[in-house]
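# how would this look folded up:
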Amino acid sequence: MADYIVRAEAAEGQIRAFAVTSREMTETARINQNSSPVVTAAVGRMLSAAAMMGVMMKGERDLLTLQIQGDGPMRGVTVTADSSGRVKGFANVPGAMLPPNALGKLDVGGAIGHGVLRVIRDMGMKEPYVGTVELQTGEIAEDLTYYFAASEQTPSTVGLGVLMNKNNTVNFAGGFIVQLMPEVTDEIISLLEENLKDLPSVTGMLSSGMTPEDMLRRVLRGLEVTILETRETGYFCDCSRERVERSLRSLGEKELEDMIADGKTIEVKCQFCDKAHYFTVEELRELLESRDGK
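As a prediction, this is how the structure comes out:
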């Protein structure tokens, strides 16, 4: 099944909801970074969340960045998404390994450790909106639930999951975000809370054959759910030689001069897709001259 997102509402607009299946994008990220199972799980959860949060934005050029920085062995994760649902991401230490947690599950919280979650929305204004909260568990879904309540004052429930195969490829990945609108009634809140008490895990629902639509109907059981939109999503890296040139040109003069003095062609790899870009000594010299306006 190709990755896709559904956007829905329930209880006559008192609830808005999103769900995604994201196995292919998570597997692409795993291949790009050759990441360990626990890192793949962390990046996959972040990609799912970013895809759903990306389509919440209105402008065609709006960009969302989710960034976690922690003191665990993975150190952190960065993912970005646009308003059409295209995502990309990387972990700071893709090979980080940890034994399973007390429940026998991949220890994403342990791999991330203590730290902060940043949500950056670039909507074409002079300065992007940046919301920062302390990590609550490092398991990502709980941290985003806390972020929505603390930073955006939007009571939300976030579910995210990645299930790995025994050969360390991705079996299932996906998630959901359910948000309460200001006019929601106590009766609706109580019903949602009851539904969440015995809700299976995201990977449990996906592995049982549920689609994103099915997941939302399960989370919102007893409420009238209206699917408003179905949209493809996927991993997309827009890196280019021109972008790398701009990055090199922005380096300090001494850094460029040191590269030139080494007398060797340099390799610059994209963190998001692992594509390599090469620059000869002569090309580096041209970049230095253009940087200095010569």
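# So which bits of stretch 200-214 are buried?
Across stretch 200-214, burial judged by 16 or more other Cβ atoms under 10 Å covers 202, 203, 205, 206, 210, 211, 212. The way it works is simple: take the backbone N, C-alpha and C, and place the C-beta from them, glycine included.
# can you check stretch 272-288 too?
Of the residues in stretch 272-288, those buried by neighbour count under the rule 16+ other Cβ under 10 Å are 272, 273, 277, 279, 284, 287, 288.
# Would you map the helices across this structure?
Secondary structure of the chain (DSSP state H): helices at 23-33, 37-54, 108-112, 141-151, 186-197, 202-207, 212-219, 241-249, 253-262, 281-291.
# worst average pLDDT in those?
Looking over the helices of the chain, mean pLDDT reaches its minimum on helix 241-249, with a mean of 83.
# what distance separates it from the centre of its chain?
Between the mean C-alpha point of helix 241-249 and the mean C-alpha point of its chain there is a distance of 24 Å (Cα atoms, centre = their mean, to the nearest Å).
# Who are the packing partners of it?
Packing partners of helix 241-249 (3 or more Cβ pairs under 8 Å, 6 or more residues apart in numbering; DSSP states H and E): strand 266-269, strand 276-279, helix 281-291.
# tell me the angle of that helix relative to helix 281-291?
Computed by axes from the mean of the first three to the mean of the last three Cα atoms, to 10 degrees, the angle separating helix 241-249 from helix 281-291 equals 70 degrees.
# Compute the inter-axis angle for helix 241-249 and helix 253-262.
Counting by the same axes, to 10 degrees, helix 241-249 lies at 110 degrees to helix 253-262.
# In helix 241-249, which residues are buried?
Buried residues in helix 241-249, counted by 16+ other Cβ under 10 Å: 244, 245, 248.
# picking that back up, pick the one among the buried residues of stretch 200-214 closest to residue 13.
Using Cβ to Cβ, residue 212 comes nearest to residue 13 of those, at 19.8 Å.
# Pull the contacting residues for the closest one.
Residues near residue 212 by Cβ atoms under 8 Å, 6 or more residues apart in numbering: 4, 5, 6, 19, 20, 21, 174, 176.
# now residue 200
Under the criterion of Cβ under 8 Å, 6+ apart, the neighbours of residue 200 are 208, 218.
# Understood, closing this out.
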